[in-house]
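Colleague: Build me a structure from this.
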Amino acid sequence: MSKPCKISSWIESGYLLKSLIMTNLAIGVDFGGTKIACGVVDIKSGRLVGTTKKKTRVLGDEKDVWQRLQSAVDELLAETNVDIKDTLGIGIGSAGMIDRKKGLLLLAPNLGVSQVPITEPISNHYAIPCRLGNDLEVATLGELEFGAGRQCHSFVCIFVGTGIGSGIICDGVPYLGATGTAGEIGHTIVVPDGRKCGCGGSGCLETYASRTAIAKEILSGIEKGLDCTISDKIDLSKGIIRSKALASAVEMGDELVIGAITKAARYMGIGLASLVNFYNPQRIILGGGLIEAVELYFNTAIRETRQRVLSVPARKLDIVKAELGDFAGIIGAAMLMKNHKQT
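Modeller: Now for the predicted structure:
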C-alpha cells in the first residue's frame with residue numbers, strides 16, 4: 001500500500017481528480033482511547049490520500065467528543081486540500097460499545113463518556129453522511145478488504161495493545177452478534193476467579209496477555225528486586241510501556257522482560273486455541289503494536305496455539321500478522337461508507 005501523501009502528489013490531471021473524488025473518496029476516523037487518527041481514503045483501492053493523528057484524553061461530555069472529532073477532521077481537510085463535499089461521507093470507528101443504527105456511542109470507559117450521539121451531530125455539521133462502527137470491527141473490515149484477510153471468507157482479527165479486542169468475519173462479512181458486541185475476546189475467561197479486569201469481571205484474557213499485563217508483570221519483578229534494562233521506560237503510576245521498549249529489552253537479553261512476554265503470549269495462545277476449537281476459522285490475523293514490534297510474543301502465541309488446538313481445525317488454520325498497521329482503522333472506517341451486508 002502506498003504511503004500517505006498529499007493528494008496533489010499523485011493525481012496529475014484535473015479530470016482524474018474530479019473523477020476520483022466524485023466516486024471513491026471517503027473519510028475514515030479511528031477514534032481510540034489514546035488517539036484520533038483520520039484519513040482520506042480511496043475506498044476502491046484502499047489507497048490513503050493523506051492522514052493526521054492527534055492524542056486523545058479522557059473526555060468531559062458529548063460536546064467535547066464532537067469538538068475533538070471535528071477538529072481532527074478539519075485538520076485532515078486542511079492538510080489534504082480535499083473539499084468534504086466531494087467525499088462520500090465520514091466513517092467513524094470508535095472504541096467502546098455502540099449502537100450502529102442510532103449512531104450512538106453507548107459506553108466508552110477509556111474515553112470517559114457514555115450515551116453520546118455521534119453520527120447525527122457530525123453529519124449535520126458537515127452536511128454529508130456519517131456512519132459509526134466499533135474500532136475493532138472497522139480495523140477488521142480494513143484487513144478484509146485490503147489486508148491479510150483478502151480472499152478469506154472466515155477469519156478472526158485480533159489486536160493486542162493496552163487491551164485485547166477482535167473482529168469476526170463469517171462468510172465474507174462482519175459478524176456482529178445478537179447485540180452487536182461480538183468479538184470481545186479480551187474478556188473471555190482464562191483463569192477462573194483470576195485478576196480483576198476493567199470490565200468488572202475476573203480472569204479475563206486481557207488481564208493476562210495484553211501489553212498492560214506485561215508491564216504489570218515487569219513492575220512486579222522490579223519491586224521484588226529483579227534487574228530490568230528498561231525500568232525507566234515504564235510509567236510506574238499507570239503500568240504503561242511501549243512495544244518498542246519491550247522489543248529493545250528482548251534484544252538485550254533482559255530475562256525479566258523475556259519472561260513476562262513469554263508468559264503473556266502463552267496465555268494468548270490458550271485464548272486462541274479455545275477460539276479456534278469453537279469457531280473453526282480459516283485464519284487468525286494478529287495485529288497491534290505489540291505484535292508488530294515483538295517477534296517473541298507472536299511466535300510464542302503461535303506455538304502455544306498449535307500445541308493446544310484440536311488436530312482437525314488445526315489442519316486448515318493460518319495464523320498471520322495484520323498488514324495495514326496503524327492504518328487499518330482509518331481504512332476500515334472509510335469502508336463503512338460502502339454498502340456492506342452485516343450479519
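Colleague: can we go C-alpha only for contacts and neighbour counts from here?
Modeller: OK.
Colleague: What score does Cys5 have for pLDDT?
Modeller: At Cys5, the pLDDT value in this model is 40.
Colleague: Does Glu62 touch Val116 like I think?
Modeller: Yes. Counting by C-alpha atoms under 8 Å, Glu62 touches Val116, with 5.6 Å between them.
Colleague: pLDDT averaged over the helix or strand in which Ala72 is found - what is it?
Modeller: Of the helices and strands defined by DSSP states H and E, Ala72 is found in helix 62-80. Averaging pLDDT along helix 62-80 gives 89.
Colleague: Quick check: which helices or strands does that helix pack against?
Modeller: Judged by 3 or more C-alpha pairs under 8 Å, 6 or more residues apart in numbering; DSSP states H and E, the packing partners of helix 62-80 are strand 35-42, strand 47-55, strand 113-117, helix 119-126.
Colleague: Can you check the pLDDT for Ala95?
Modeller: Predicted confidence (pLDDT) for Ala95: 85.
Colleague: Does it touch Asn134 like I think?
Modeller: Yes. Taking C-alpha under 8 Å as the definition, Ala95 is a contact partner of Asn134 at 6.0 Å.
Colleague: quick one, which of those two is more surrounded?
Modeller: Using other C-alpha atoms under 10 Å as the criterion, Ala95 and Asn134 rank with Asn134 on top: 27 against 23.
Colleague: quick one: that one from Pro174, how far?
Modeller: 11 Å (C-alpha to C-alpha, to the nearest Å).
Colleague: Would you map the strands across the stretch 101-250 of the chain?
Modeller: Here the stretch 101-250 of the chain has its strands, by DSSP state E, counting those that start in this stretch, at 104-108, 113-117, 130-134, 154-160, 164-170, 173-175.
Colleague: So in that sheet, which strands flank the shortest one, and in what orientation?
Modeller: Put plainly, it is strand 173-175. According to DSSP bridges, strand 173-175 forms sheet pairs with strand 164-170 (antiparallel).
Colleague: likewise the first one?
Modeller: Strand 104-108 has these partner strands in its sheet, going by DSSP bridges: strand 97-99 (antiparallel), strand 113-117 (antiparallel).
Colleague: and it, which residues are buried?
Modeller: Within strand 104-108, the residues scored as buried using 16 or more other C-alpha atoms under 10 Å are Leu104, Leu105, Leu106, Leu107, Ala108.
Colleague: so who does the residue nearest the centre of the chain touch?
Modeller: When C-alpha atoms, centre = their mean is applied to the chain, the residue found nearest the centroid is Leu136 (4.6 Å). Contacts for Leu136 were tallied using C-alpha atoms under 8 Å, 6 or more residues apart in numbering; they are Gly93, Ala95, Phe159, Gly165, Ser166, Gly167, Gly329.
Colleague: and if you look at Asn24?
Modeller: Counting by C-alpha under 8 Å, 6+ apart, Asn24 has contacts Val41, Asp42, Ile43, Lys44, Thr87, Leu88.
Colleague: Redo those as JSON lines? Include neighbour count and distance to Met335.
Modeller: Output for those, formatted as JSON lines (neighbours: other C-alpha atoms under 10 Å; distance: C-alpha to C-alpha, whole Å):
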{"residue": "Val41", "neighbour count": "26", "distance to Met335": "9"}
{"residue": "Asp42", "neighbour count": "21", "distance to Met335": "9"}
{"residue": "Ile43", "neighbour count": "25", "distance to Met335": "6"}
{"residue": "Lys44", "neighbour count": "15", "distance to Met335": "9"}
{"residue": "Thr87", "neighbour count": "22", "distance to Met335": "12"}
{"residue": "Leu88", "neighbour count": "21", "distance to Met335": "10"}
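Colleague: Against Ala260, how distant is Ala213?
Modeller: Distance from Ala213 to Ala260, by C-alpha to C-alpha: 9 Å.
Colleague: One more: Ile218?
Modeller: Per C-alpha to C-alpha, Ile218 is found 6 Å from Ala260.
Colleague: Settle it for me: which of those two has more neighbours?
Modeller: Taking neighbours as other C-alpha under 10 Å, Ile218 and Ala260 compare with Ile218 leading, 26 against 23.
Colleague: Could you pull up the contacting residues of the more buried one?
Modeller: Leu256, Val257, Ala260.
Colleague: Give me the pLDDT for the last one.
Modeller: As predicted, Ala260 sits at a pLDDT of 97.
Colleague: Packing partners of the host helix or strand of it?
Modeller: Here Ala260, judged by DSSP H and E, is contained in helix 255-279. In terms of contacts (3+ C-alpha pairs under 8 Å, 6+ apart), helix 255-279 is packed against helix 206-209, helix 211-223, helix 243-251, helix 295-308, helix 311-314.
Colleague: can you do 10 Å?
Modeller: If contacts are counted by 3 or more C-alpha pairs under 10 Å, 6 or more residues apart in numbering; DSSP states H and E, helix 255-279 sits against strand 154-160, strand 164-170, helix 206-209, helix 211-223, helix 243-251, strand 283-287, helix 295-308, helix 311-314.
Colleague: So what's the residue count around the closest residue to Gly221 other than its chain neighbours?
Modeller: Residue nearest to Gly221 in three dimensions, not counting chain neighbours: Leu256, with 6.9 Å by C-alpha to C-alpha, 6 or more residues apart in numbering. Using other C-alpha under 10 Å, Leu256 is surrounded by 21 other residues.
Colleague: ok, Leu256 - contacts?
Modeller: If you count contacts by C-alpha atoms under 10 Å, 6 or more residues apart in numbering, Leu256 has them with 217-222, 226-229, 249-250, 262.
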